[in-house]
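Q: need a 3D model of the following:
(2 chains)
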Amino acid sequence: MEILVCVKRVPDTAENEFELNSAGNDLDRDDLVYSVNEWDNYAVEEAIQIVDNVGGNVTVVTVGDDESEEVLRREMAMGANNGILLSDDAFEGADGKGIATILKAEVEKGNYDLILTGAQADEGAGQVGGMLAAMLDYPYASLVNKVEVDGDAAIKVGREIEGGNQEMNELDLPCVLSIQTGINEPRYVGIRGIRKVAKLEIPVKGASDLGLDAATVGDAAAKVKRVDYFVPDMGDGAEMLDGSTDEIIAQLIERIKSKGGLA
Amino acid sequence: MAEIFAYIPHSAGVAEDIAMEYPDAAKKIDAAAAVTAVVTGSGADLDKVVEAMTGVYSSVIKIDNEALAYPNAEVVRKALVSVLPADAIVLLPHNTFGMDLGPGLSIKMDASFVADVVDIDSCDGTTLKVVRQELGGAVSTHVSCDVAAGAVVTVRGGSFVPAEDAAAGGAVVDKSADAGDLACKRRFLEVVEAEVGDVDITKSDLLVSIGRGIEEEDNIEVAQELAEAMGAVVSCSRPIVDAKWLEKSRQVGTSGQTVKPKVYLAMGISGSFQHMGGVKGNPYIIAINKNPKAPIFQVADVGVVADILEFMPEFTEAVSG
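A: Numbers count the residues shown, from 1 in each chain, chains lettered A, B, ... in the order given. Presented below is the predicted three-dimensional model:
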């Protein structure tokens, strides 16, 4: 099975405290730590496990700048066979549809049975997989937490739905799935693993390589644009306790008792 | 201004809460616009929902087809593309169904797509300006969206003011005959119900709930000791279940359990909306987190900035007295 996994380099929410810049319209990006989108690691792990079982190849692809190469290399260290970097100044400012348009052009250059994305990334829209599938006229399932491959014609997948329930579906191949965290346990990648793939060539493709009209992707074509970042006024928020730990704990115990949580 | 359509999710003949919130969202897009409810489904359950929606919306489109009995996003998409005008503004729920349907629907309608909207700032001509969150709720953004050729907008539940059921006396338009060919490449098989765990976190008055701040599997014991001393039960947020450190039945959130304790101790939990969506019944929320900017402090009643790994053992000792 030929599998393409779409990944993204994002600010790491576990490693950063996000602050606005001095103008107050963007994040202060000077010291941000970036990593591969958490969901994408689960997608790559799932692809590797499928290929381990039924054979084939895993290719990871991203739309980004030179620095995005590091996330492709990381996923190749996990076990992806190939990496492709889609990069062009003309791609800057692309909205979700623009990114899906770029990926579609690359998908059509290959012969993929299965395309995976993370269920969402830093912007939390969860949009690219579903758009890509609709553009390709492939079936799509989002928030996938189980994949069963049985034969070449169709695939059985479980989707996470509300209340911890799981919705089972059958999809014709080729198809697009967005992968939810928790579907597997992504393997650990150490320095040694990264070194092993350090010399592998990662082709870089731009708009002309993909046969894309620069005017159909990127900022000029984007109908959805972020205007600014801001900190909303959320009212008072929590009453913050300070003082010694002993004093704080004594207060908390009192309050838990008064609210009926402790006898 | 384009017409606004609100897709009504429902199950067992009852519309989901978001159905009452769309009118407020629609009014913020265009105060003068008539908003039309769209209900897809099959048989008596569908009719019940359509009837209820005539009390909220002045116009209700009904699409009845056996293929729509379960809301398979691909089938619903085909029906909506056939029935709705090309430049429609379509409101969907930002839940597991809306996430499945929205992006593909926007492509097939050649419309703009904006997801997980928590507020509408303005709509100036064909430029809709909305409020979203990024990076797990750490920052908010204004996003502009060109709606000239229509738009698909997924709306976060609980963000808009629910409408009063005002006996709107809405007219029902049956568009079942216009749904077109609903054959599709994705087939719904069944819903597998969540497994019941060894502990029922939904029955406890006091929950010690842990998140990423617990850092390592071995530290879960520290939370269990605190819970034991308090006569509480340990629950958790999604990353703990993803890491397989606790069973799925202990997960609080929209994709896990809905709990209604009297007191909720959020230990090292950032407080994403998916997590807080599982905390109901207005409990007293105590948040302890070493990040003073954690979103949990916006929703908690009382907060402490501290490392839970140092705080919990002292808490346990004090409670054990």
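Q: how about stretch B:112-121, does it reach chain A?
A: Yes. On the criterion C-beta under 8 Å from any C-beta of the partner chain, stretch B:112-121 is in touch with chain A at B:Ser112, B:Phe113, B:Val114, B:Ala115, B:Asp116. Using the backbone N, CA and C atoms, a C-beta is placed for each residue, glycine as well.
Q: check stretch B:276-287 too.
A: Yes. Stretch B:276-287 lies within reach of chain A by C-beta under 8 Å from any C-beta, at B:Pro283, B:Tyr284, B:Ile285, B:Ile286, B:Ala287.
Q: got a list of contacts for that stretch?
A: A:238, A:252, A:255-256, A:259, A:261, B:157-158, B:251-254, B:256-266, B:269, B:271, B:294, B:296-297, B:299-304 (C-beta atoms under 8 Å, 6 or more residues apart in numbering or on different chains).
Q: using CSV, write out every CA atom in that stretch.
A: Output of stretch B:276-287 as CSV, limited to C-alpha atoms (Å, rounded to 0.1, in the frame of the first residue of the first chain):
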residue,chain,number,x,y,z
MET,B,276,-14.2,21.6,29.9
GLY,B,277,-17.1,20.5,27.6
GLY,B,278,-17.3,17.4,29.8
VAL,B,279,-17.5,19.3,33.1
LYS,B,280,-21.2,20.0,33.7
GLY,B,281,-23.5,21.0,36.6
ASN,B,282,-21.5,24.1,37.5
PRO,B,283,-19.1,22.5,40.0
TYR,B,284,-16.7,24.5,42.1
ILE,B,285,-13.5,24.3,40.1
ILE,B,286,-10.1,24.4,41.7
ALA,B,287,-7.2,24.7,39.2
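Q: buried sites along that stretch?
A: Using 16 or more other C-beta atoms under 10 Å in any protein chain shown as the test for burial, stretch B:276-287 gives B:Met276, B:Gly277, B:Gly278, B:Val279, B:Pro283, B:Tyr284, B:Ile285, B:Ile286, B:Ala287.
Q: burial count for the residue nearest to B:Ile214 when sequence neighbours are not counted?
A: With C-beta to C-beta, 6 or more residues apart in numbering or on different chains as the criterion, B:Ile214 has its nearest non-adjacent residue at 5.6 Å, and that residue is B:Gly268. Residue neighbour count, defined by other C-beta atoms under 10 Å in any protein chain shown, stands at 29 for B:Gly268.
Q: how close does B:Arg187 sit to B:Arg77?
A: According to C-beta to C-beta, to the nearest Å, B:Arg187 stands 14 Å off from B:Arg77.
Q: comparing those two, which residue is more hemmed in?
A: B:Arg77 (24 against 16).
Q: host element of the more buried one?
A: helix B:73-83 (DSSP states H and E).
Q: next SSE after that helix?
A: Helix B:73-83 is succeeded, C-terminally, by strand B:89-93 (DSSP H and E).
Q: tell me which strands that next one pairs with, and in which orientation.
A: Its sheet considered, strand B:89-93 pairs with strand B:4-7 (parallel), strand B:151-155 (parallel) by DSSP bridges.
Q: among those, which is the most enclosed?
A: strand B:151-155 (a mean of 28; mean count of other C-beta atoms under 10 Å in any protein chain shown).
Q: show me where chain B has its helices.
A: With helices called from DSSP state H, chain B shows them at B:18-29, B:43-53, B:73-83, B:96-108, B:220-230, B:238-242, B:273-276, B:296-299, B:308-320.
Q: tell me the domain boundaries of chain B?
A: If you go by automatic domain parsing, the domain ranges for chain B are B:4-178, B:201-320.
Q: just to revisit the earlier point, so who does the residue nearest to B:Ile214 touch?
A: Residues near B:Gly268 by C-beta under 8 Å, 6+ apart: B:Ile210, B:Gly211, B:Arg212, B:Gly213, B:Ile214, B:Glu215, B:Ile288, B:Asn289, B:Lys290, B:Ile308.
Q: which stretches of the stretch 101-250 of chain A have low pLDDT?
A: Scanning the stretch 101-250 of chain A for pLDDT under 70 picks out the ranges A:233-235.
Q: tell me which residue of it lies closest to chain B.
A: A:Gly130 (3.0 Å; C-beta to the nearest C-beta).
Q: so that residue, which state does it fall into?
A: Secondary structure state of A:Gly130, per DSSP: H, G, I helix; E, B strand; the rest coil, is helix.
Q: first-to-last residue distance for stretch B:145-158?
A: Separation of the first and last residues of stretch B:145-158 by C-alpha to C-alpha, to the nearest Å is 22 Å.
Q: quick one: mean pLDDT for it?
A: For stretch B:145-158, mean pLDDT rounds to 96.
Q: next: stretch B:30-45.
A: Across stretch B:30-45, pLDDT averages out at 94.
Q: what's the span of it from first residue to last?
A: One end of stretch B:30-45 to the other measures 31 Å (C-alpha to C-alpha).
Q: same deal with stretch B:143-153?
A: In stretch B:143-153, first residue to last residue: 12 Å (C-alpha to C-alpha).
Q: then stretch A:107-124?
A: End to end - C-alpha to C-alpha - stretch A:107-124 spans 23 Å.
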